[in-house]
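**Student:** Got a sequence here, can you build the structure:
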Amino acid sequence: MSTALKLALLGLLWPHTSASGDRPSDFSDDDWAILDAMARQHRLQPLLHAAEAAAGGAWRAPGALRARWQAVHRNAAMASLRQAATLVEIEGVLARHAIRATLLKGGAFLWRGWDGPALRPMRDIDLLVDEADAHRVQAMLREAGLVPAVLPVADHGKHLPPLVSRSGTCIELHLHVLDMGDADQRGREQRFRAALVAGAEPAGLPFLKADAIDATAPTDTLLHIVAHSVLDHQFNNGPLLLYDIALLVRNGAIDWARFWHVAGACDMLRAAQLGLALAQYWSPDLDIEWDAAAPESLADPLLRGASLMMLVDSERRSELGWLGRAIRPSLAKTLVQVRRAFARGQAHDPAAPPRTGAPTAAWSKVLRHLAVATRAEDRAHVAHCVRVGAWLQTPMHRNAPGKDRDAE
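**Tutor:** Residues are numbered from 1 along each chain as shown. Predicted coordinates for the structure are as follows:
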């Protein structure tokens, strides 16, 4: 798939940039089919529906695709209603036992009325609970009718095994808010989790009545989604990051002094700089208050590379993503990344019988990972990962906000 066509998908949704100059009316039916396949993987079809309607027919997209985007948008609206109903049910369970939980990421801001929630489908609802309460809450939700999700989930300790409601909504009870692969990451996660909890506020959603659920504040949510994408995923969780950042910056009354302070105190400054710079690259009118944290040396090729990393084939994220993350100055940290990637491939339902042929499957996974070196497009993706990783590891300038101070 051509680089130009990948960037063209982003240009359709964030057209106020010179990063992609393709005109939609010039796309062939085959181009549209490829664009639609990428959009489906990354949950962008509802946004394409809205953008195509706003263009007033100028795109000349095939009628079948336009009908599909409309149907996906409608289904996303219904799914959002089901998710809200599940959250009401969960709040009732929490309230009866005097336990509080905190909405994370999309759940913390997508229902605030800033935009139609159908435009940005959520895969699941993330709730942060106190570690001492987590297993008890999981049991309570099981008693209320939620059942374990049938998913391959690695036991990385970030959240308990997902549950699914009767309406199909997936719930994750989080003990932690970021990945914790080594001691440095664990320390960062502890500081950042403390900041999120300290800044959390009542969710204030009109359909929640029992006052048992908080939400991370918009400022902290902005930093969380950036850190989650840049540090935990190296952008491979998709371009909805651009939508989320823009929605929060334009509507969330961001406390920029706190944002940069917490980013510095939690060793996330470079990630915050890169994530926001990428959003501004695609939305130049985005009003970001950089203060003393304006990033240096962010060249256009680096930002284009990060853009392409967002559009990685989601079915191949494991074999394409871990190589870039594994390139680290420390051999020990590299081995940690390799071990975690290998473990994700071996994860399975703990209630299921033991797998047969597991060693063969494991080596098959290793061979798929090594085969990346044989394909030019894959090598280019890994090169982008390495380049972005190197930039993130570059020492921060001496006057970085919040550096060497505790998060508040």
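**Student:** buried residues in whatever helix or strand W391 lives in?
**Tutor:** Taking DSSP states H and E as the criterion, W391 maps to helix 376-393. For helix 376-393, a neighbour-count test (16 or more other CB atoms under 10 Å) marks 378, 381-382, 384-388, 391-392 as buried. The C-beta positions use only the backbone N, C-alpha and C, and glycine is treated the same way.
**Student:** D267 contacts R186, correct?
**Tutor:** No: when contacts are counted by CB atoms under 8 Å, D267 is not listed as touching R186 (11.7 Å).
**Student:** Have a look at the two and say which one is more surrounded.
**Tutor:** The neighbour comparison of D267 against R186 (other CB atoms under 10 Å) goes to D267, with 20 against 15.
**Student:** ok, and the closest non-adjacent residue to that one?
**Tutor:** R188 (5.1 Å; CB to CB, 6 or more residues apart in numbering).
**Student:** Now name the helix or strand holding that neighbour.
**Tutor:** R188 is part of helix 183-199 when elements are defined by DSSP H and E.
**Student:** in the stretch 251-400 of the chain, which spans are strands?
**Tutor:** Secondary structure of the stretch 251-400 of the chain by DSSP state E, counting those that start in this stretch: no strands are present.
**Student:** quick revisit: any idea how far L173 is from the residue nearest to D267?
**Tutor:** Note on R188: its distance to L173, by CB to CB, to the nearest Å, is 21 Å.
**Student:** Give me the number of neighbouring residues for D29.
**Tutor:** Neighbours around D29, by other CB under 10 Å: 11.
**Student:** so what's the residue nearest to it when sequence neighbours are not counted scoring on pLDDT?
**Tutor:** In space, not counting the residues next to it along the chain, D29 is nearest to P62; the distance is 6.0 Å by CB to CB, 6+ apart. Looking at P62, its pLDDT stands at 96.
**Student:** how many neighbours does P62 have?
**Tutor:** A total of 14 residues lie near P62 under the criterion other CB under 10 Å.
**Student:** same check, this time on P161
**Tutor:** P161 has 15 nearby residues by other CB under 10 Å.
**Student:** Which strands and helices lie in contact with the lengthiest helix in the chain?
**Tutor:** Counting residues, the longest helix found in the chain (DSSP state H) is helix 63-96. Using 3 or more CB pairs under 8 Å, 6 or more residues apart in numbering; DSSP states H and E, the elements in contact with helix 63-96 are helix 29-41, helix 45-54, strand 125-128, helix 134-143, strand 213-215.
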